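[1] one predicted model, sequence on top.
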Amino acid sequence: MCTGIEMISRQGNAFWGRTQDFEQHFEYSGVKIPKGYEFKEAYTPFKSELNVMGIVWANDIHKSPVLLDGINDYGICGGSFYFDHFYKYAPTKEIHAQNKVAIRGEELCTWILTHYKSLNDIVNNLEHDVGITNEIGPMMGMSVPQHCVFQDETGREIVIEPSVSNGFRIFENPVGVFTNAPTFDWHLTNLKNWLEKTSLRTYSYKVNEPVNNFSLDELTSGLVGIPSDYKPESRFLRAAYSKLLSIEVDDNEALNQIFQLLTAVNTPKGSLRIHNDDKENLVAWTQYTSGYDIKNKDLYAFTYDNRNLRILNYGDPTEWGSDIRYFSFISKQTAEPFTEKNVWSAGDNTI
């Protein structure tokens, strides 16, 4: 139930942000993971081959941290999203029979960010390096259904989808928006269908064809008629339209614009209720929102209960040390008082 949006500034720099929406309580923390750190609780223990900064989640993050989103030394940035129904995991013996490392679904983002230096590196090697096992793990009593999205400093974005048995489908993402199931090609087809209804555009429906932003003078009825529910296909449409209608922004405005666009898909507590046969209906909500300045490798985040923005700088990885470091961004809401200001220059007090 998460949503991600990428934005390219007027200066040509890439920024990315995501919401983490879920119906269960997990521990979260910012982290710096140094090269050589070993994930001992992974299904197949492995060491990080790169330095990575991001946000981890788990029932106990000190015991079994896995990355939900992050950025590595080479500016590969992205995250992991829930992918129910359409995932196809494999028995471990089938993975081992192809001489691949078996990992759980929730470990996919961690593996990618700690191993690959470019998007082409992911495209060329992921299929041959790992397979996702269907063996249960410590989170949710299963190998968690996940798919991922990643971008680099150029703004190129790819989607990694474990929707084939013991393998992956990898898509170029021409729209820079990402949610959950169904499969990514379905979302693109649905989006283009709506764009043809609400503008003068026509599409060939090829997966990789461009989906460009609307100029201010292009005719469109915008979000009129777009579904307002919280299903992934509806959120994809709202996020995509919000992004395609967005004005151009400079570097110093890009992350704020992403956060504003993501408000179109935020889930307030109580708006989305998930039926549970064994318990009362579960309430999902937007637990945190994160954003990345990819060029400068800065991570920003705020939570449902505290919208004050926190920042974590990448800094110099040679100073990180040899063990994982945790950085809390979860705290109660605070408020800054209004500032008495009776005189100001023209424009100083203008929004």
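    Everything's here; your move.

[2] element containing the closest residue to Tyr300 other than its chain neighbours, please.
    Computed as Cβ to Cβ, 6 or more residues apart in numbering, the closest residue to Tyr300 that is not its neighbour in sequence is Gly291, at 4.5 Å. (Each C-beta comes from the backbone N, C-alpha and C, glycine too.) Using DSSP states H and E, Gly291 maps to strand 282-293.

[3] in that strand, what counts as buried?
    Of all the residues in strand 282-293, those buried under the rule 16 or more other Cβ atoms under 10 Å are 284-293.

[4] partner strands of the helix or strand that it is followed by and their direction?
    Following strand 282-293 in sequence order, the next helix or strand is strand 298-303 (DSSP H and E). Strands adjacent to strand 298-303 in the sheet, as given by DSSP bridges, are strand 282-293 (antiparallel), strand 306-313 (antiparallel).

[5] so how far is strand 298-303 from its chain's centroid?
    Here the centre of strand 298-303 is set off from its chain's centre by 12 Å, with Cα atoms, centre = their mean, to the nearest Å.

[6] average model confidence for it?
    The pLDDT scores in strand 298-303 average 98.

[7] what does that strand rub up against?
    Contact partners of strand 298-303, identified using Cβ atoms under 8 Å, 6 or more residues apart in numbering, comprise 30, 53-55, 70-71, 255, 287-293, 308-314, 329-330.

[8] can you list the buried residues in the lowest-mean-pLDDT helix or strand in the chain?
    Among the secondary structure pieces of the chain, namely its helices and strands, strand 272-274 has the lowest mean (mean pLDDT, DSSP states H and E), a mean of 88. Going by neighbour count (16+ other Cβ under 10 Å), the buried part of strand 272-274 is Leu272.

[9] neighbouring strands - and their directions - for that strand?
    strand 282-293 (antiparallel).

[10] can you give me the helices for this structure?
    With DSSP state H, the ranges of helices along the chain come out as 92-97, 108-115, 119-129, 184-198, 232-244, 251-262.

[11] out of those helices, which comes closest to Thr339?
    Relative to Thr339, the nearest member of the helices of the chain by Cβ to Cβ is helix 251-262, separated by 20.4 Å.

[12] next, the buried residues of that closest one.
    When burial is assessed from 16+ other Cβ under 10 Å, helix 251-262 yields the following buried residues: 253-255, 257-259, 261-262.

[13] for those residues, which one is nearest Val177?
    Sorting those by distance to Val177 puts Leu261 at the head of the list, at 9.3 Å, by Cβ to Cβ.

[14] quick check: closest non-adjacent residue to that closest one.
    Ranked by Cβ to Cβ, 6+ apart and with sequence neighbours excluded, the top spatial neighbour of Leu261 is Ser242, at 4.5 Å.

[15] spit out the contact partners of the residue most central in space within the chain.
    The structure's the chain has its C-alpha centroid closest to Gly79; by Cα atoms, centre = their mean the separation is 3.9 Å. Gly79 makes contact with 2, 4, 18, 54, 67-70, 109, 148-149, 290, according to Cβ under 8 Å, 6+ apart.

[16] tell me the pLDDT of it.
    Listed pLDDT for Gly79 reads 98.

[17] do Lys279 as well
    Looking at Lys279, its pLDDT reads 68.

[18] now the one 3 residues further on
    Among the per-residue scores, Leu282 holds a pLDDT of 89.

[19] what residues are up against it?
    For Leu282, the contacting residues are 23-24, 273-274, 276, by Cβ under 8 Å, 6+ apart.

[20] give me the number of residues near the residue nearest to Leu261?
    Around Ser242 there are 22 other residues, counting by other Cβ atoms under 10 Å.

[21] could the strands paired with strand 298-303 be laid out in a markdown table, adding distance to Glu233?
    As requested, these are arranged in a markdown table below (distance: least, Cβ to Cβ, whole Å):
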| stretch | distance to Glu233 |
| --- | --- |
| strand 282-293 | 16 |
| strand 306-313 | 27 |
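
[22] which of these sits closest to Ser204?
    When these are compared for distance to Ser204 using Cβ to Cβ, the nearest one is strand 282-293, at 32.1 Å.

[23] okay, the angle between the closest one and helix 251-262?
    Comparing the axes of strand 282-293 and helix 251-262 via axes from the mean of the first three to the mean of the last three Cα atoms, to 10 degrees yields an angle of 170 degrees.

[24] please save the CA atoms from strand 282-293 in CSV.
    Once non-C-alpha atoms are left out, strand 282-293 reads as follows in CSV (Å, rounded to 0.1, in the frame of the first residue of the first chain):
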residue,chain,number,x,y,z
LEU,A,282,-7.0,-4.0,10.2
VAL,A,283,-6.4,-0.2,9.7
ALA,A,284,-3.7,0.8,7.3
TRP,A,285,-2.0,4.2,7.4
THR,A,286,0.9,6.1,6.0
GLN,A,287,3.5,5.2,8.6
TYR,A,288,6.3,7.3,7.2
THR,A,289,7.3,9.3,4.1
SER,A,290,10.9,9.4,2.9
GLY,A,291,12.7,11.4,0.2
TYR,A,292,16.1,11.2,-1.4
ASP,A,293,18.3,13.9,-3.0
